[in-house]
Structures are given as C-alpha cells and as structure tokens.
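Colleague: fold the stuff below for me.
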Amino acid sequence: MNKLTELFAFIEQHKNTPFAWGKFDCCLFAADAITLLTGNDPAAEFRGKYSTALGAKRVLKRYGNGDLVNTLIAKLGEPKAVLCVNRGDAVLINNNNDPAVGICLGNFVAVVTTDGLKTVALNKITLAWEVLCHP
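Modeller: Numbering: from 1, shown residues only. This is a model prediction of the structure:
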C-alpha cells in the first residue's frame, strides 16, 4: 500500500473519533498523518503534556516556539506557496477565526475541530508546508 493510500485509510479510521485536547486535536491529528507519511513525529515532545486548550497554549510556549505558527515553522520549515499545496502537505486553515492544522487531501483539507474530523475547502488555507513521503 502506498503512503497516500495509507493516509486515506487513516482519515477513514478517524472519521468518527471525538475531539480531545492532547489526544485527538488538530495538531496531533496532523502530526499523526505526518508521522505516517514520513516516519518522523513532529509532535513527539508535546504528546501527553496537555489536556485542555490552556494546556496546549502553555505547551507551545514551553516546548514549542511560542505559538502555533512559529512552532510549525520550527518543526516543518518555512511555509510554501499556498497555491502549490499537494496531497499530504500540512496546512494551517482559518477555522472561524481560529487557526487549525490540517492535511491536504487534494480537493479539500482534513482537519480536526471541536466537532471532530471535518473537511474544509482549500480556500481556507492560510499557510502550507511540504510533507515528503518516506518510501
């Protein structure tokens, strides 16, 4: 099975998983997808360190680079042009004026919100990072 097929299976597996800070939130969902694609977990040091929204903010300040965007840049490198986003790339979206990390699946983005796993239109993407699949 190729990595993109595995990614779609991962999405399907989690379509009914409820949102939970520190277990199934936007950042850990995206990190799990990136780990599946690359073999490297960009959120290893964050796992198990928070269970609330406030805790997530504190973890970004303590273990990350201060906030979500700066931590994403530190972990994934400089963003690429949004118009060049591909399947499997990590993206930041505007979710009702609240940033959320998702994964591009081609014609839409998979993202975890407080309502669970959702798909949103590509026009919600504000930043994008290339994720290179590990063979």
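Colleague: need the contact list for residue 19.
Modeller: 25, 112-116 (C-beta atoms under 8 Å, 6 or more residues apart in numbering). C-beta coordinates here come from the backbone N, C-alpha and C atoms, glycine included.
Colleague: what about the residues you listed, which one has the most neighbours?
Modeller: The most crowded member of these, judged by other C-beta atoms under 10 Å, is residue 112 (26 neighbours).
Colleague: that's a helix at that one, yeah?
Modeller: No: membership of residue 112 in a helix is not supported by DSSP: H, G, I helix; E, B strand; the rest coil, which gives strand.
Colleague: any idea how far it is from residue 80?
Modeller: Distance, residue 112 to residue 80, by C-beta to C-beta, to the nearest Å: 22 Å.
Colleague: could you do residue 74 as well?
Modeller: 16 Å.
Colleague: ok, residue 127 next?
Modeller: 9 Å.
Colleague: likewise for residue 22?
Modeller: For residue 22, the distance to residue 80 - C-beta to C-beta - is 28 Å.
Colleague: kindly report the same for residue 99.
Modeller: With C-beta to C-beta as the criterion, residue 99 and residue 80 are 17 Å apart.
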